[in-house]
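Undergrad: Sequence and predicted structure below; questions after.
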Amino acid sequence: MASRQIVKLAKELGFKSSKELMEILKGLGIEKPSNFSVLEEDEYEKFRKYYERRGQAEPAPPQATAPLVREAPPKREDAAPAAVSVIAPPKAAPQEETVQAPAKPKVKPTGQPRPPVVAVLGHVDHGKTTLLDQIRKTHVAQGEAGGITQSIGAYQVEYQGKKITFIDTPGHRAFTGMRARGAQATDMAILVVAADDGVMEQTREAIAHARAAGVPILVAINKIDKPGVDLKRVKAQLAEEGLTPEDWGGETITVPVSALTGQGLDELLEMILLVAELEELRADPKRPAQGIIIESHLDPTRGPVATAILRDGTLRERDVVVAGTAWGRVRALLNDRGQRITEASAGLPVLILGLSHVPPLGIPLEVVDSPAQAKKIVEERQEQERRARLQRAHLTWEDVLARAAAQKGVLRLILKADTLGSLEAATNELQQLQTDDLKIEILFAGVGTINESDVLLAASSEDEVSVLGFRVELDPKAKEVAEGEQVTVRTYDIIYQLTEDVRKALKGLVEPEFKELKIGEAEVRGVFKIPKVGTVAGCYVRDGVVLRHAQVRVMRNGSPIFQGKLQSLKRFDQDVREVPKDKECGIKIEGFEDVKVGDRLEIFTLRRVDTL
Ligand code: GDP
């Protein structure tokens with residue numbers, strides 16, 4: 001019977017999503033409210049005949065659950081598009097999807113199935129921690145129960161003989177913090193929504209974060225043990241957020257649970273495994289290991305300690321690993337229970353000892369051939385980081401936005417405001433600035449102070465995303481993260497200024513143009529190496545003025561050899577904002593240590609030339 005539930009049948013036949021199968025069924029006159037619906041005998045028969053007529057692989061007989069796709073994938077892929085397009089209803093949007101999706105030659109993932117890595121997100125107090133604790137308590141891998149648990153930021157459970165890895169730090173901040181540097185540890189997100197409270201501000205934030213990560217979202221409607229909870233209300237709210245539950249005709253799997261009593265948790269685990277199967281998560285144990293750092297710290301006795309979740313391959317003791325600019329030979333590996341292991345396979349959270357320093361969260365970890373190779377990679381990365389920093393230092397916010405938008409034709413923003421009213425006003429104003437060629441996409445719009453979560457969401461995006469605040473402030477933690485992650489945050493009190501800035505950025509897209517404005521010239525007369533600071537040039541200002549926040553071009557024998565920014569400007573050990581002609585000063589150039597006596601420093605600023 002199992003083969004006739006739409007979602008399972010779709011999986012067996014290798015459809016990318018059960019929606020595609022539902023569209024085909026619809027074309028055959030079989031309309032079902034959800035992908036969890038079961039096909040009646042005659043409906044299944046009708047579908048089977050159609051499927052055979054199209055010359056495809058024999059679908060599984062009603063009773064069997066043979067995985068057809070795995071046996072005959074090429075045949076299906078070749079035949080499916082034509083078949084689907086013939087019967088798809090001639091409606092624009094669904095048809096397009098129906099025709100295209102199966103036509104995409106799906107690269108069959110190689111290797112063996114690996115455990116899914118799951119993150120738990122949701123509003124504060126909706127039960128994320130309780131859920132994680134309850135699952136851990138009831139489902140620790142067989143034979144391991146009772147052991148002293150050492151939390152390493154993730155744990156693995158076994159359900160129906162299959163493993164699932166849960167990231168133990170709940171919440172979208174941790175989730176996106178891990179993603180902020182471009183790597184993704186998580187395969188799916190469990191959105192916890194308390195049934196008595198419903199969708200709240202942080203629920204909406206969490207949805208935005210999970211969507212930005214592009215991972216499937218499963219909803220756990222929690223606290224159903226509480227008297228008088230109204231599931232319908234929560235489902236309606238979810239539908240409003242674009243997460244229409246599957247029993248309402250949508251695509252979102254929702255499972256009512258009680259983290260407190262454990263009710264519904266088995267079904268939740270089952271659904272996680274089902275989604276994992278649909279996602280075809282695989283790993284090849286023969287490959288060198290690849291993973292993502294999810295936790296790291298400096299241990300007073302063990303040195304740098306990092307926890308990674310492995311995505312592929314096998315990690316062994318003595319392997320040489322690189323993570324960002326940290327590297328080392330693995331001295332010891334510990335599993336999620338603090339036990340020493342000699343090798344770790346994909347999906348397993350593993351604690352690694354032996355790195356040169358503490359790597360940041362969310363960066364990939366990889367195994368390389370030798371220490372020499374590791375060092376080379378690290379050096380290249382350091383150089384790259386330095387260059388990127390320098391380059392970025394030249395650009396104004398408008399330039400950054402303009403450049404980002406120019407690449408994609410979309411300007412991506414996160415918008416926060418003090419009230420719902422001002423949020424709407426600002427959103428409307430921004431929408432009016434859109435043109436046919438350029439769209440503004442607001443990744444997340446919310447009420448309240450700009451917080452760490454907003455900045456992390458911006459940082460984690462592949463594209464340049466700026467955070468704009470309207471009549472709100474930036475909280476200190478968010479400020480710190482914004483500086484570290486180089487996210488631009490702007491706050492405004494007047495809506496006109498906000499739209500003006502964005503308008504200017506968009507205008508710059510047409511043709512951003514800069515003009516150099518020379519403001520001064522200095523001659524290097526002495527060079528001083530200062531510990532912890534670097535090379536400082538003792539200069540004499542020959543012309544104009546030297547400004548602290550200006551750009552500098554180093555000229556040697558008449559040729560430019562470096563261009564960058566001033567890092568500091570001093571007169572008699574005092575930081576100053578400017579030094580006029582015929583005076584002496586000390587200049588430190590950011591990222592340049594090679595300055596020599598006799599070099600000439602051209603001091604200039606960049607001005608944007610408006611083209612409209
Ligand atoms: P988090 O902030 O999302 O991690 O939420 P917690 O797991 O800390 O839970 C917040 C509160 O809700 C705690 O007092 C929990 O005991 C309670 N809670 C969590 N899950 C349930 C549940 O399923 N039923 C009931 N009645 N209370 C729950």
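TA: Perfect, thanks for sending it.

Undergrad: buried sites along stretch 419-428?
TA: 422, 423, 426, 427 (16 or more other Cβ atoms under 10 Å). Bear in mind the C-beta positions are built from the backbone N, C-alpha and C, glycine included.

Undergrad: And stretch 374-381, by the same measure?
TA: Applying 16+ other Cβ under 10 Å to stretch 374-381 flags 374, 377, 378 as buried.

Undergrad: Stretch 15-22 now?
TA: Of all the residues in stretch 15-22, those buried under the rule 16+ other Cβ under 10 Å are 15, 17, 18, 19, 20, 21, 22.

Undergrad: Not counting residues beside it along the chain, what's closest to residue 189?
TA: Nearest non-adjacent residue to residue 189, counting by Cβ to Cβ, 6 or more residues apart in numbering: residue 210, 4.0 Å away.

Undergrad: Make sure that neighbour is actually in contact with residue 219.
TA: No - counting by Cβ atoms under 8 Å, residue 210 does not reach residue 219; the two are 10.5 Å apart.

Undergrad: anything in contact with each of the two?
TA: Common contacts of residue 210 and residue 219 (Cβ atoms under 8 Å, 6 or more residues apart in numbering): residue 191.

Undergrad: what pairs with residue 328 across the strands?
TA: Listed by DSSP bridges, the beta-bridge partners for residue 328 are residue 321.

Undergrad: how far away is it from residue 446?
TA: Residue 328 is 41 Å from residue 446, where distance means Cβ to Cβ, to the nearest Å.

Undergrad: Could you do residue 602 as well?
TA: Distance of residue 602 to residue 446, computed by Cβ to Cβ: 46 Å.

Undergrad: on that earlier part again, give me the subset of the buried residues of stretch 419-428 lying in strands.
TA: Of the buried residues of stretch 419-428, none are assigned to strands by DSSP state E.

Undergrad: Of those residues, just say which sits nearest to the ligand.
TA: residue 423 (25.0 Å; Cβ to the nearest ligand atom).

Undergrad: What helices and strands are in contact with the top helix by length along the chain?
TA: Longest helix in the chain, counting residues (DSSP state H): helix 371-393. With contacts defined as 3 or more Cβ pairs under 8 Å, 6 or more residues apart in numbering; DSSP states H and E, the packing partners of helix 371-393 are strand 320-323, strand 326-329, strand 559-571.

Undergrad: contact partners of it?
TA: 320-322, 324-329, 368, 400, 486, 564-565, 590-591.

Undergrad: 6 Å - rerun?
TA: Outside helix 371-393, the residues that touch it by Cβ atoms under 6 Å, 6 or more residues apart in numbering are 320, 322, 325, 327, 368, 564, 565, 591.

Undergrad: Contacts only, for whatever residue of the stretch 351-500 of the chain ends up closest to the ligand.
TA: Among the residues of the stretch 351-500 of the chain, residue 453 lies closest to the ligand, at 14.2 Å counting by Cβ to the nearest ligand atom. Neighbour list for residue 453: 173, 205 [criterion: Cβ under 6 Å, 6+ apart].

Undergrad: what's the spacing between the residue most central in space within the chain and the ligand?
TA: Computing the C-alpha centroid of the chain and ranking residues by Cα atoms, centre = their mean puts residue 179 first, at 4.0 Å. Applying Cβ to the nearest ligand atom, to the nearest Å, the value for residue 179 to the ligand is 20 Å.

Undergrad: and that residue, how far is that from residue 296?
TA: 15 Å.

Undergrad: starting at the chain centroid, how far to stretch 471-480?
TA: With Cα atoms, centre = their mean, to the nearest Å as the basis, stretch 471-480 stands 21 Å off its chain's centre.

Undergrad: again, but for stretch 530-547
TA: Counting by Cα atoms, centre = their mean, stretch 530-547 comes out at 41 Å from the chain centroid.

Undergrad: what's the answer for stretch 413-426, then?
TA: The answer for stretch 413-426 is 24 Å, by Cα atoms, centre = their mean.

Undergrad: who does residue 578 bridge with?
TA: Applying DSSP bridges, one finds that residue 578 bridges with residue 547.

Undergrad: I figured it was touching residue 550, is that so?
TA: No - counting by Cβ atoms under 6 Å, residue 578 does not reach residue 550; the two are 8.9 Å apart.

Undergrad: so residue 271 sits in a helix?
TA: Yes - checked against DSSP: H, G, I helix; E, B strand; the rest coil, residue 271 lies within a helix.

Undergrad: what's the closest non-adjacent residue to it?
TA: That would be residue 253: by Cβ to Cβ, 6+ apart, it lies 5.1 Å from residue 271.

Undergrad: low pLDDT regions in this protein?
TA: Residue ranges of the chain with pLDDT under 70: 1-3, 16, 34-36, 53-109, 140-151, 180-183, 388-408, 462, 507-515, 607-612.
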